[in-house]
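Trainee: what follows is a protein structure lacking sequence information:
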Ligand SMILES: CNCC(=O)c1nnc(C(C)(C)C)o1
């Protein structure tokens, strides 16, 4: 299969700033591209994954004012890996605070994986602020999604890496792996905490692409990245995403009916299986263009995913 569209060239931020968003949290914000361009907010995954310079490259830098930030407790936002006062609705309001700070009326909202979760939570709360949604690897944090990836499901396809993910958890606790990891990721034994963070993160890095990428797996051994990623992800999961009900983001997707959007979904995404993209499309309706990439997994760096995301960003750059 050929995917002619690639990333735009790497660019640097032209402005960075920090914004105090609560008594304890301060977030790090970057702007790049064209200061007078069409604004787009880029919501990173995880939660707790932090933003990346590569995320700027989906956008035509002459057309877009690209805004990124590190969500609470990760990347350059502080305090590092902090779970206190860290929840979905606080991040939705942080996104609004950034919009107001930057003097933006409405914007394109771009997010993959957890970033798609946060994009949906934001758009369903502030629909009038969203010109279009560009989403990848739909994750709505339903119980069935968490069970599939963290308990039983993906384990059938990546049985080898699943055994590594199980290693820090004794057999007696394997009936509820997310809770078992929670005890270790929030405990007082720093060695056990780091070992759990590395194993949790490596599981996700190993399963993120159609073809296992040893280089990507290495991120699981980056102690700082793994600690924030694992602690914050697990915290959101044990709290079921802080939603009022299981399936809230799908149930409320009728709110998006008049918002145009593109959903880019890898057919073989085992981290955020395509059922969630399908269920979302059925409620969001005709304004959602579902693009299933036949030979991709979860990662935003798969060739087919990049091609479709760059096409989607070009489609909305004149909105
Ligand atoms: C369930 N978490 C999926 C997610 O949001 C995610 N997966 N990998 C990432 C990073 C690219 C941020 C590492 O985020």
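Mentor: Alright, I've got the coordinates. Computed from a predicted model, the values in this text were never measured in an experiment. Numbering: from 1, shown residues only.
Trainee: can you tell me the residue of the stretch 101-250 of the chain closest to the ligand?
Mentor: Going by Cβ to the nearest ligand atom, the ligand is nearest to residue 113 of the stretch 101-250 of the chain, at 2.9 Å. The C-beta positions use only the backbone N, C-alpha and C, and glycine is treated the same way.
Trainee: next up, phi/psi of the nearest residue to that residue once chain neighbours are set aside, please.
Mentor: Closest residue to residue 113 apart from its sequence neighbours, by Cβ to Cβ, 6 or more residues apart in numbering: residue 45 at 3.7 Å. For residue 45, the backbone dihedrals (degrees, to the nearest 10) come out as phi -90, psi -170.
Trainee: ok, residue 45 to residue 242 distance?
Mentor: Look at residue 45 and residue 242: by Cβ to Cβ, to the nearest Å, they are 17 Å apart.
Trainee: higher neighbour count, those two?
Mentor: Between residue 45 and residue 242, counting by other Cβ atoms under 10 Å, residue 45 is the more crowded of the two (31 against 16).
Trainee: give the full set of residues in contact with that one.
Mentor: Residue 45 makes contacts with 111, 112, 113, 114, 115, 137, 300, as judged by Cβ atoms under 8 Å, 6 or more residues apart in numbering.
Trainee: any idea how far the nearest residue to residue 241 once chain neighbours are set aside is from residue 281?
Mentor: Using Cβ to Cβ, 6+ apart and skipping residues adjacent in sequence, the residue nearest residue 241 is residue 141, 3.6 Å away. To residue 281, residue 141 is 18 Å away according to Cβ to Cβ.
Trainee: of these two, which one has the most company?
Mentor: The neighbour comparison of residue 141 against residue 281 (other Cβ under 10 Å) goes to residue 141, with 25 against 20.
Trainee: so the more buried one makes contact with residue 245?
Mentor: No: using Cβ atoms under 8 Å, residue 141 is not in contact with residue 245; the gap is 11.4 Å.
Trainee: next one: the helix or strand bottoming out on mean pLDDT in the chain to chain centre, how far?
Mentor: Within the chain, no helix or strand scores below helix 214-217, which has a mean of 91 by mean pLDDT, DSSP states H and E. For helix 214-217, the separation from the chain centroid amounts to 19 Å (computed by Cα atoms, centre = their mean, to the nearest Å).
Trainee: show residues contacting it.
Mentor: Looking at helix 214-217 with Cβ under 8 Å, 6+ apart, the contacting residues turn out to be 202, 205, 206, 208, 209, 299.
Trainee: could the residues you listed be laid out in JSON lines, adding secondary structure?
Mentor: Shown next, in JSON lines, are these (DSSP: H, G, I helix; E, B strand; the rest coil):
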{"residue": "202", "secondary structure": "helix"}
{"residue": "205", "secondary structure": "helix"}
{"residue": "206", "secondary structure": "helix"}
{"residue": "208", "secondary structure": "coil"}
{"residue": "209", "secondary structure": "coil"}
{"residue": "299", "secondary structure": "coil"}
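Trainee: related to what we said a few turns ago, model confidence score at the residue nearest to residue 113, please.
Mentor: pLDDT recorded at residue 45 is 98.
Trainee: over to residue 318?
Mentor: For residue 318, pLDDT reads 88.
Trainee: same thing with residue 239?
Mentor: 98.
Trainee: just the helices in this structure please.
Mentor: Remark: helices assigned in the chain by DSSP state H are 88-101, 114-125, 143-150, 154-157, 159-166, 177-185, 190-207, 214-217, 223-238, 248-251, 275-284, 303-315.
Trainee: now find how far off-centre the longest one is within its chain.
Mentor: In terms of Cα atoms, centre = their mean, the centre of helix 190-207 is found 18 Å from the chain centre.
Trainee: sort out which residues of that helix are buried, please.
Mentor: 193-194, 196-207 (16 or more other Cβ atoms under 10 Å).
Trainee: ok, and which of those residues reach the ligand?
Mentor: On the criterion Cβ under 6 Å from any ligand atom, residue 204 are the entries of the buried residues of helix 190-207 that sit beside the ligand.
Trainee: which residues touch the residue nearest to residue 241?
Mentor: Contacts of residue 141 (Cβ under 8 Å, 6+ apart): 117, 236, 237, 240, 241, 243, 249.
Trainee: state the pair within those that is farthest apart.
Mentor: 237 and 249 (14.7 Å; Cβ to Cβ).
Trainee: between those two, which is the more surrounded one?
Mentor: residue 249 (28 against 20).
Trainee: so the more buried one is in contact with residue 118, correct?
Mentor: No: when contacts are counted by Cβ under 8 Å, residue 249 is not listed as touching residue 118 (10.0 Å).
Trainee: alright, I will stop here.
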